[in-house]
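In: Build the 3D model from these lines:
(one chain, ligands or ions: 1)
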Amino acid sequence: MSFETLGLAPFLLRALAEQGYETPTPIQEQAIPLALAGRDLMAGAQTGTGKTAAFGLPLLQHLGTHPQAVTRGPRRPRALVLTPTRELATQVHESLRDYSKYLRIPSATIYGGVGMGPQLDTLRRGVDLVIACPGRLIDHLERRSVDLSGIEVLVLDEADRMLDMGFLPSIKRILAKLPKQNRQTLLFSATFDDNIKLLAREFMHDPLEIQATPKNTVHENITHRVHPVDSARKRDLLLHLLAEDSREQTLVFAKTKHGSDKLALFLEKAGIQTAAIHGNKSQSQRLRALRDFKAGKVTVLVATDIAARGIDIDQLPKVINFDLPMVAEDYVHRIGRTGRNGSTGQAVSLVSQEDAKLLRAIVRLLDRDLEIKDVPGFVPQTPIRWGNSAPGRADLPGGERPPRRHDRRPHGEAPRRAHAGPRQHGAPRPGGSGNGRRAGGGGAGGQRSSQPRRAD
Ligand code: AMP
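Out: Okay, the predicted model is just below:
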């Protein structure tokens, strides 16, 4: 799937190519054609899924290809994006400015905590696009410094967060100022509780529902392996694993931009051709790193989740999670880059005690066991507690205890498995209140004591 096939106009395709976007993310693949066809959408997507482009590109295409209706008086905004925070408003504005590089779309960001003056000036000059936080937009409505009666496209970005922050009354007041007819509404939200559904029913026209990750499945031809390790020794273990096959192209995931830089430097110093891509790298640096990796000039590419979005590399044999993703769904995205087109792939995760909780979430999401394998010379000094208990609570009666030594097979023997345990509906999720204490070796059946288990 390419951006061309989604029906986007050349002026957007050109800007996307310059941004280094090669393939649409799942939410973009689903949302863009439907939004271009004028449908209202309720999209389940959180930050990092590429949601801004999913609503931004159709919105910009609409503004760029549908001339404004001729009206008397000053120019009125034609598109409105509502966001919960000023940071998100700025971020959305920047992204839309990048995508609309080859269009002339006057725009304004409207948020509180700053002076009214510059916002009033911009609005007075006239804009097509407004990106706003609800509170300050209400202030402008009250002063009549903004006229929303010409809005053709409305986006509610992170709708669940806006409601959590108590913006529902403000949103309703704003919606009441918009035209009811001939308006397209795109609602993006990580979750859909009853309040959001009610809002949608009231203000949207026959919305279609789409999801960023329709299926949390990974290809069957991928082997998943978990190596327990102390966090201080992760770098050495990574080096050890990479050295096992120094010619194999490997994508390594790190949690932070700084962490990826440090890791890349460490690997370079150890003689491994490495490049890093993350949000602080310029577009040309990112493109060059990708090109070199694809061409085999560098064997290891260290990436953060966000920077890796849209990376499309055929036949990538191995993905190593140096850090586990904070969001379990990202494991699926990461691993989706190997084992494509029927080839086999390996997903390797280096897991320290701090990562145990994240691993449990992944196991639960995938609904499958993962193989746990000690690497000789890198076995953690204190065995990892895979269960739900907080550190220091391992000895509580019924709490998780450290995996017992007798559970650990000698190196090189048949591997153990990280598994989710039996599904028990109604039981609390890990981290929540309640028992959450079934994982681990407290009690009979202790031969599973070193393995993460499902708690829900
Ligand atoms: P968002 O979820 O909209 O906040 O986007 C997350 C990050 O992914 C941003 O840095 C975007 O620039 C980037 N991004 C979005 N779509 C793509 C894509 N198709 N290819 C590459 N990067 C993307």
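
In: Could you use CA atoms for every contact and neighbour count after this?
Out: Noted.

In: Close to the ligand: what parts of this structure are there?
Out: 21-25, 47-53, 306, 309-310 (Cα under 6 Å from any ligand atom).

In: which of those sit farthest apart?
Out: Maximum pairwise distance in the residues of the chain next to the ligand, criterion Cα to Cα, is 19.0 Å, between Glu22 and Thr47.

In: more crowded one of those two?
Out: More crowded of Glu22 and Thr47, by other Cα atoms under 10 Å: Glu22, with 17 against 13.

In: And the lowest mean pLDDT element among the helices and strands of this protein?
Out: strand 416-418 (a mean of 64; mean pLDDT, DSSP states H and E).

In: The residues of the chain next to the ligand, buried ones only, as a PyMOL selection?
Out: Here is the PyMOL selection string for the buried members of the residues of the chain next to the ligand, based on 16 or more other Cα atoms under 10 Å:
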select buried, resi 21+22+23+24+25+49+50+51+52+53+306+309+310
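
In: What segments of the stretch 201-350 of the chain are helices?
Out: Counting by DSSP state H, counting those that start in this stretch, one finds helices in the stretch 201-350 of the chain at the ranges 234-244, 257-269, 283-294, 305-308, 328-335.

In: Restricting to C-alpha, output the fourth one in CSV.
Out: Only the C-alpha atoms of helix 305-308 are listed here, as CSV (Å, rounded to 0.1, in the frame of the first residue of the first chain):
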residue,chain,number,x,y,z
ASP,A,305,9.0,3.6,17.9
ILE,A,306,7.9,6.9,16.4
ALA,A,307,10.8,7.3,14.1
ALA,A,308,10.4,3.7,12.9
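
In: contacts for that helix?
Out: Gly48, Phe253, Ala254, Lys255, Ile277, His278, Gly279, Pro325, Asp330, Arg334 (Cα atoms under 8 Å, 6 or more residues apart in numbering).

In: got the buried residues for it?
Out: Buried residues in helix 305-308 (16+ other Cα under 10 Å): Asp305, Ile306, Ala307, Ala308.

In: Which one of those is nearest to Val92?
Out: Ile306 (15.1 Å).

In: if I look at that closest one, how far off is Thr274?
Out: 19 Å (Cα to Cα, to the nearest Å).

In: Likewise for Phe203?
Out: Taken as Cα to Cα, the span from Phe203 to Thr274 is 51 Å.

In: Check Pro169 too.
Out: Distance from Pro169 to Thr274, by Cα to Cα: 51 Å.

In: And Arg201, by the same measure?
Out: Arg201 sits 51 Å away from Thr274, going by Cα to Cα.

In: more neighbours, those two?
Out: Thr274 (23 against 12).

In: beta partners of that one?
Out: Bridge pairing for Thr274 (DSSP bridges) gives the partners Val300.

In: Contacts only, for it.
Out: Residues near Thr274 by Cα under 8 Å, 6+ apart: Ala264, Leu265, Leu267, Glu268, Val298, Thr299, Val300, Leu301, Val302.

In: What residues of stretch 61-77 count as buried?
Out: Gln61, His62, Leu63, Gly64, Arg75, Arg76, Pro77.

In: Dump those to JSON lines, plus pLDDT, distance to Thr338 and secondary structure.
Out: Shown next, in JSON lines, are these (pLDDT from 0 to 100; distance: Cα to Cα, whole Å; DSSP: H, G, I helix; E, B strand; the rest coil):
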{"residue": "Gln61", "pLDDT": "98", "distance to Thr338": "33", "secondary structure": "helix"}
{"residue": "His62", "pLDDT": "97", "distance to Thr338": "36", "secondary structure": "helix"}
{"residue": "Leu63", "pLDDT": "97", "distance to Thr338": "38", "secondary structure": "helix"}
{"residue": "Gly64", "pLDDT": "95", "distance to Thr338": "38", "secondary structure": "helix"}
{"residue": "Arg75", "pLDDT": "86", "distance to Thr338": "50", "secondary structure": "coil"}
{"residue": "Arg76", "pLDDT": "94", "distance to Thr338": "48", "secondary structure": "coil"}
{"residue": "Pro77", "pLDDT": "97", "distance to Thr338": "45", "secondary structure": "coil"}
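
In: which of those residues sit farthest apart?
Out: Farthest pair in the buried residues of stretch 61-77, by Cα to Cα: Gln61 and Arg75, 18.9 Å.
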